[in-house]
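# I would like to see how this sequence folds:
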Amino acid sequence: MNFRTLVLAVMLTGLSSTSIAETNLAKTTSVQSTVESTAPVDFWSQILNARDGAVVYSAACCKVCRKGKACGDSCISRSYTCRKGIGCACDG
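Residues are numbered from 1 along each chain as shown. Prediction:
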């Protein structure tokens, strides 16, 4: 499991437990239960279906390489060859 997958799993686990508590609290009134129980699903579908993925993508990267390219946990020039394994740096 790489770093990005681990960070996303932790984020989803933490937020899903929060949404369960919010859903249980929302069931106290019939009008609010429909609105609040669907809100977390809409929120996650917007994040996961985002075209640029900037919200999720930037949270999983230790460094975003704008001028160069990702190589392990750092950035290198695009003309260089990366000889490191997959790290937490991301191409931006």
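# State the number of residues packed around residue 72.
In terms of burial, residue 72 registers 15 neighbours under the definition other CB atoms under 10 Å. Backbone N, C-alpha and C define where each C-beta goes, glycine included.
# so who does it touch?
By CB atoms under 8 Å, 6 or more residues apart in numbering, the contact set of residue 72 is 82, 84-87, 89.
# per-domain residue ranges of this structure.
Described in terms of automatic domain parsing, the domain architecture of the chain consists of the residue ranges 1-60, 61-92.
# Mean pLDDT lowest where, among these?
Per-segment confidence across those bottoms out at domain 1-60, which has a mean of 58 in mean pLDDT.
# filter the contacts of residue 72 to the buried ones?
The neighbour-count test (16 or more other CB atoms under 10 Å) marks 82, 87, 89 as buried among the contacts of residue 72.
# Please verify my assumption that residue 78 contacts residue 66.
No: Residue 78 lies out of contact with residue 66 (CB atoms under 8 Å); the separation is 11.1 Å.
# and of the contacts of residue 72, the nearest to residue 70?
Sorting the contacts of residue 72 by how near they are to residue 70, with CB to CB, puts residue 89 at the top with 3.9 Å.
# didn't that closest one look like it was pressed against residue 73?
Yes: under the criterion of CB under 8 Å, residue 89 makes contact with residue 73 at 5.5 Å.
# who touches both of these two?
Here residue 89 and residue 73 share the contacting residues 62-63, scored by CB under 8 Å, 6+ apart.
# residues in contact with stretch 75-83?
Taking contacts as CB under 8 Å, 6+ apart, the residues outside stretch 75-83 that touch it are 63, 65, 67-72, 89.
# repeat that for 6 Å
Contacts of stretch 75-83 from elsewhere in the structure, counted by CB atoms under 6 Å, 6 or more residues apart in numbering, are 65, 68-69, 71, 89.
# quick one on the thing from earlier: which two in the contacts of residue 72 are spaced the farthest apart?
The largest separation in those, counting by CB to CB, is between 85 and 89 at 11.4 Å.
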